[in-house]
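>>> need a structure here:
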Amino acid sequence: NIVDNVDDAPYFDKAKSLVGTIISKQTPNVDSISGATYSSNGIKSAVRDALKKAGSSQESVNNDEINKKLEKLSKLEEKLKQMKKLSKDLRKKVESLEAESQKYIANKKLKDGSYEGSGIGFRGNLKVEVDVSEGKISSIRVVENVDDAPYFEKARGLITNIVSGQTPNVDSVSGATYSSNGIKSAVRDALKKAYIEEEKSDIQSENDKLKKAIEENEKVENEIKALREENTSLKEKNTLLMSIIDSLKKKIHGIAYGDLTKELYDSFISVLNNSDGLNTGKEN
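The predicted model follows:
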């Protein structure tokens, strides 16, 4: 629709016929009307200006989407911070309960047999099997573990100290503290079963809570990672769109001054097609 015009009527009415051509070809890159060149160029220039604003609108839509993703990412990072604090508090509670239970264990003779115990390492649940012979710890085997191998193998060395000292109250291995504490916690849990085989200990109850907290941490971390990757992809698409729009502007400038060669025309059509594919969400 032409909403404003001050050209002489005979020339402008003649040039107005190219509007239908622009719509049918979906581009303002059409031949001017002979005998009404200036009016024709004015119409084409106005259409290009309108299309340029359509590109700015797409930029705004993409930026809004990125901002929404960033807002969600911020909320998830805050949730992760709270979950890590909860995990830290639960670990302290487990350590306190274990210290109390050790006083009980130290004054009791262990019953012979094999006992399985659970603890929480750095990544999550771990299990050990403790063999008791003649009332003493004879061996300890790790039967389940999800910690990172380099750290856990380093922590595994304290098993020898537990057996030789007949107590899980040994120093943790430097550089593998969480894995060390997980092994000691699992051994304590197993030793308690030498006296109470069916009753679930307070330590195990708190360990269960800690395990759930760690799993929730990992879930939130994975969601944050996915959002960051998605946000990066959106920014890359937005950058590509802006590059296409800049390219269109340069080619439109060439059209306005009559500098468009066949090679440049072909390039313009290719870029325009790529822009359409991006805006509709289709793969190129």
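>>> wasn't residue 235 part of a helix?
Yes. The assignment for residue 235 (DSSP: H, G, I helix; E, B strand; the rest coil) places it in a helix.
>>> need the pLDDT of it.
Per-residue confidence at residue 235 stands at 71 (pLDDT).
>>> and for residue 44?
Residue 44 is given a pLDDT of 83.
>>> was I right to think it contacts residue 31?
No. Contact criterion CB atoms under 8 Å: residue 44 and residue 31 do not qualify, at 9.9 Å. Just so you know, the C-beta spots here come from the backbone N, C-alpha and C atoms, and that holds for glycine as well.
>>> and the two? Which one has more around it.
residue 44 (23 against 9; other CB atoms under 10 Å).
>>> returning to that earlier point: what sits in contact with each of residue 44 and residue 31?
Shared contacts of residue 44 and residue 31 (CB atoms under 8 Å, 6 or more residues apart in numbering): residue 18.
>>> which helix or strand contains the residue nearest to residue 172 when sequence neighbours are not counted?
Sequence neighbours aside, residue 180 is the residue nearest to residue 172 in space, at 3.5 Å (criterion: CB to CB, 6 or more residues apart in numbering). Assigned by DSSP states H and E, residue 180 belongs to helix 177-192.
>>> show me what that helix is packed up against.
Packed against helix 177-192 by the contact rule (3 or more CB pairs under 8 Å, 6 or more residues apart in numbering; DSSP states H and E) you find helix 37-106, strand 113-120, strand 125-133, strand 136-144, helix 149-156, helix 158-165, helix 202-256.
>>> circling back: the residue nearest to residue 172 - how many residues pack around it?
24.
>>> next, count neighbours for residue 89.
Every residue meeting other CB under 10 Å relative to residue 89 is counted, giving 12.
>>> same thing with residue 152?
23.
>>> do residue 168 as well
Neighbour tally, residue 168, other CB under 10 Å: 28.
>>> and it, how far is that from residue 184?
Distance, residue 168 to residue 184, using CB to CB, to the nearest Å: 4 Å.
>>> any common contacting residues for the two?
Common contacts of residue 168 and residue 184, defined by CB under 8 Å, 6+ apart, comprise residue 162.
>>> so which bits of the helix holding residue 180 are buried?
Across helix 177-192, burial judged by 16 or more other CB atoms under 10 Å covers 178-192.
>>> next, the angle from it to strand 113-120.
For helix 177-192 against strand 113-120, the angle by axes from the mean of the first three to the mean of the last three CA atoms, to 10 degrees is 140 degrees.
>>> what angle separates helix 177-192 from strand 136-144?
Computed with the same axes, to 10 degrees, the direction of helix 177-192 lies at 130 degrees from that of strand 136-144.
>>> hey, C-alpha coordinates of helix 177-192 in PDB?
Output in PDB follows, covering the C-alpha atoms of helix 177-192 (Å, rounded to 0.1, in the frame of the first residue of the first chain):
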ATOM      1  CA  THR A 177      39.000 -36.000  50.900                       C
ATOM      2  CA  TYR A 178      35.500 -36.700  49.800                       C
ATOM      3  CA  SER A 179      36.300 -40.200  48.500                       C
ATOM      4  CA  SER A 180      38.200 -41.000  51.700                       C
ATOM      5  CA  ASN A 181      35.300 -39.900  53.900                       C
ATOM      6  CA  GLY A 182      32.900 -42.000  51.800                       C
ATOM      7  CA  ILE A 183      35.000 -45.100  52.300                       C
ATOM      8  CA  LYS A 184      35.300 -44.500  56.100                       C
ATOM      9  CA  SER A 185      31.500 -43.800  56.300                       C
ATOM     10  CA  ALA A 186      30.700 -47.000  54.400                       C
ATOM     11  CA  VAL A 187      33.000 -49.000  56.800                       C
ATOM     12  CA  ARG A 188      31.400 -47.500  59.800                       C
ATOM     13  CA  ASP A 189      27.900 -48.300  58.400                       C
ATOM     14  CA  ALA A 190      29.000 -51.900  57.900                       C
ATOM     15  CA  LEU A 191      30.500 -52.300  61.400                       C
ATOM     16  CA  LYS A 192      27.300 -51.100  62.900                       C
END
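>>> now stretch 159-170: mean pLDDT?
Stretch 159-170 comes out at a mean pLDDT of 90.
>>> and it, how far apart are its ends?
9 Å (CA to CA, to the nearest Å).
>>> ok, now stretch 109-129?
18 Å.
>>> got the buried residues for that stretch?
Within stretch 109-129, the residues that count as buried by 16+ other CB under 10 Å are 110, 115, 117-129.
>>> quick one: contacts for the nearest residue to residue 134 once chain neighbours are set aside?
With sequence-adjacent residues excluded and distances taken as CB to CB, 6+ apart, residue 134 is closest to residue 112, at 6.8 Å. Contacts for residue 112 (CB under 8 Å, 6+ apart) come out as 132, 133, 134, 135.
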